[in-house]
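Undergrad: quick one: sequence and predicted model below, then my questions.
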2 protein chains.
Amino acid sequence: MIHKITPLVLAGGAGTRLWPLSRGQSPKQFLKLDGKHTLLEQTLMRCVGEAFDAQPILVGAVDHRAQLLETMQSLGRKADIVLEPMRRNSCAAIAAGALRALERDRDAVVLVLAADHHIPDVDAFRAAVMQAAEAAARGKIVTFGIRPRHAATGYGYILPKLGDAESAALKIERFVEKPDAETAERYVSEGYLWNSGNFMFRAARFVDELAQHQPEILTAVKAALEKAERDRDFIRLAAEPFSKSPGISVDYAVMEKTAEAAVLPVDYFWTDIGTWDAVSGMVKPDADGNAVVGRGVVLGGRNVMVHSEGAVTTVIGCDDLVVITTRDAVLVARKGATEDVKALVDRLRAEGFAEADGETPAK
Amino acid sequence: MIHKITPLVLAGGAGTRLWPLSRGQSPKQFLKLDGKHTLLEQTLMRCVGEAFDAQPILVGAVDHRAQLLETMQSLGRKADIVLEPMRRNSCAAIAAGALRALERDRDAVVLVLAADHHIPDVDAFRAAVMQAAEAAARGKIVTFGIRPRHAATGYGYILPKLGDAESAALKIERFVEKPDAETAERYVSEGYLWNSGNFMFRAARFVDELAQHQPEILTAVKAALEKAERDRDFIRLAAEPFSKSPGISVDYAVMEKTAEAAVLPVDYFWTDIGTWDAVSGMVKPDADGNAVVGRGVVLGGRNVMVHSEGAVTTVIGCDDLVVITTRDAVLVARKGATEDVKALVDRLRAEGFAEADGETPAK
């Protein structure tokens, strides 16, 4: 019998790739890109039903504790909210979540999910989770490998080892870094998969791997959890020991080292929503390919996305554009150029615009 | 000897062609399109020097009295500010100004200027005014005819009568309405001039023409001025008589009827700034053709104008765009499509957006 699956949601991200919406206090996982639910809410809503433990584990930044608590309240659910006093990359965050899962259940099977990914086909996702759970129960550390829909340069890739499959999850030939465009084309043609950064394993198995490959991380995080302050739903990791954890991604720290790594190829639509182009792909357009989230009007033109959380935002006679409005900033970008948001934010910082990092005010 | 010239500035416009900046309380003449001076201020600043009476006459809407007074205070000058209780088109407004000029000086020579036009070459403008003044002193009603720089469809045209010039100001063959594109091409090739709506005449001459061609207007406006409330610099036209004036444009009411009409062909750059395209032509661009008024950044792309009086406004990788930001509205328009602002405002009204007509808040 397979154990109930414990969702372990990594909600500690702090990116600015979706500036002007995503900034300091409003990273991507807390944005309502569809105007209705935050990405974190959507992530948690995918993990409901018989197969899942009703009480997920969230790992996030102490600065975001209010948003994390509000998220659970808005969903009417309880969670263990593990608060990191500082960022120490994904391996330490997953270690904290896995150790907490072990406290609750020494046989826990954990589903590690980024809080800010988009997977619209919930049924396909759950079916994949059930396949991964089976491999995880047998001791595998399973990563979800997405069949590429295009030659993305923004993702790492995984080459599965074919030919000796004993389950849906395959052994791994190798992990590779984000490629250039030409290499990405080759990867896609050669059967590489996108590395989604979502995982599944028995918590005890993962901790054993840490003991073997990353004893420093394990020692630091274990001490931080033992000395954590626990109040209400919060588990506040102790800063002094946690600060000693090396800040390494779980890919480098464990996945590329363990003999138990496996990849489950999946076919569903997935994006880490790294650009406004990706966001515009999530929104249902009208017959002209235009879409408005919030208050706005598009007159003429095609393939325009407006997302306004501030002023009424209007577009006349433009094609292939995204327009994002917050109370204090406006972004107009050609689709295909939204990767340059990072360069824009750097430029705003260099020119002393407080809006580069300032907080997006509450609506 | 030519009399000092009395500037008579028509500041009663109420258009929305430059939405979202121009609206109810903020029509075009009160906008600082260059970030420094309003168009009304610029108009008044063109009329200084030996040749001009230091105290201009403004005619505007009673609702805008505060802005009119502030304009004069910011320039450190006095004016007669004639306030219209309701709009009765340009002939009544000019009649009120001309009658006020006569009160001050029965030999007054009046220069009628729209408050919201753009004429960057002040020296050329003043030289033309001196030529027009000479014809006006001889009893002509002189209109400034601009040599077309392109086949504009947004202006009326004037065909001068060639061959019998006794001065720089020519007799007029005919006035024509705003043409379609094909007709405009023909007009330009046949020597028609743009009808700028700026005039010069002896006030007594104009009033005589009114008596002859528009006695109803003259009677109504005369009574409104006689019964006007005069406090500080304001002359508040009496509503009851003024309301009885027919609302006719000065072109129809006088210019097309009088035997004394003349046109002074001028070569300077002139625009009535009817669209955001026209505004973008007024702003000095950088080497890539991009221009920012207010707080904004343009990254990549060419020929983009940003004008922000609100949120920091950023553009990535776009060509040929205007982006206008106020506190409560954003307009993104392809250059060449800015004529559609009117259709956009109609649509916003139809969809119940208060920002279609609401007041642009003070900065």
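TA: Noted; the coordinates are in hand. Residues are numbered from 1 along each chain as shown, chains lettered A, B, ... in the order given.

Undergrad: so where's the stretch 51-200 of chain A uncertain?
TA: Within the stretch 51-200 of chain A, the segments meeting pLDDT under 70 span A:164-166.

Undergrad: what sits against the residue most central in space within chain A?
TA: In chain A, the residue lying closest to the centroid (CA atoms, centre = their mean) is A:Ala114, at 2.6 Å. Neighbour list for A:Ala114: A:9-10, A:13, A:43, A:196-198, A:272 [criterion: CB atoms under 8 Å, 6 or more residues apart in numbering or on different chains]. Where C-beta positions appear, they are placed from N, C-alpha and C, glycine not excepted.

Undergrad: bridging residues for it?
TA: Applying DSSP bridges to A:Ala114 yields these beta-bridge partners: A:Leu10.

Undergrad: now swap in the one 4 residues further on and tell me
TA: Note on A:His118: beta-bridge partners A:Thr271, judged by DSSP bridges.

Undergrad: show me what contacts it?
TA: Taking CB under 8 Å, 6+ apart as the contact definition, A:His118 lies against A:39, A:42, A:269-273, A:278, A:282.

Undergrad: which of those are buried?
TA: Among the contacts of A:His118, those buried by neighbour count (16 or more other CB atoms under 10 Å in any protein chain shown) are A:39, A:42, A:270-273, A:278, A:282.

Undergrad: can you put those in CSV and add pLDDT and distance to A:Val323?
TA: Formatted as CSV, the buried ones among the contacts of A:His118 follow (pLDDT from 0 to 100; distance: CB to CB, whole Å):
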residue, pLDDT, distance to A:Val323
A:Leu39, 95, 21
A:Gln42, 96, 23
A:Trp270, 95, 26
A:Thr271, 94, 20
A:Asp272, 92, 22
A:Ile273, 92, 17
A:Ala278, 91, 16
A:Met282, 85, 16
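
Undergrad: burial check on A:Leu21, number of neighbours?
TA: Close neighbours of A:Leu21, defined as other CB atoms under 10 Å in any protein chain shown, add up to 23.

Undergrad: return the residues of chain A in contact with chain B.
TA: A:20, A:295, A:297, A:299-301, A:308, A:310-318, A:321, A:323, A:325-334, A:336-338, A:340-341, A:343-344, A:347-348, A:351, A:353, A:355 (CB under 8 Å from any CB of the partner chain).

Undergrad: can you name the next helix or strand after the longest strand along chain A?
TA: What stands out as the longest strand in chain A, according to DSSP state E, is strand A:193-202. Next in sequence after strand A:193-202, counting helices and strands by DSSP states H and E, comes helix A:203-213.

Undergrad: and the helix or strand following that following helix, what does it pack against?
TA: From helix A:203-213 onward toward the C-terminus, using DSSP H and E, the following helix or strand is helix A:215-226. With contacts defined as 3 or more CB pairs under 8 Å, 6 or more residues apart in numbering or on different chains; DSSP states H and E, the packing partners of helix A:215-226 are helix A:89-104, helix A:203-213, helix A:239-243.

Undergrad: highest average neighbour count across those helices?
TA: helix A:89-104 (a mean of 24; mean count of other CB atoms under 10 Å in any protein chain shown).

Undergrad: what's the angle from that helix to helix A:215-226?
TA: 50 degrees (axes from the mean of the first three to the mean of the last three CA atoms, to 10 degrees).

Undergrad: where do the helices sit along chain A?
TA: Taking DSSP state H as the criterion, chain A contains helices spanning A:39-46, A:65-75, A:89-104, A:122-137, A:181-189, A:203-213, A:215-226, A:239-243, A:250, A:276-280, A:341-350.

Undergrad: how about residues contacting the fourth one?
TA: Judged by CB under 8 Å, 6+ apart, the contacts made with helix A:122-137 from elsewhere in the structure are A:2-3, A:5, A:45-46, A:49, A:51, A:109-111, A:119, A:142, A:144, A:167-169, A:200-202, A:205, A:262, A:264, A:266-268.
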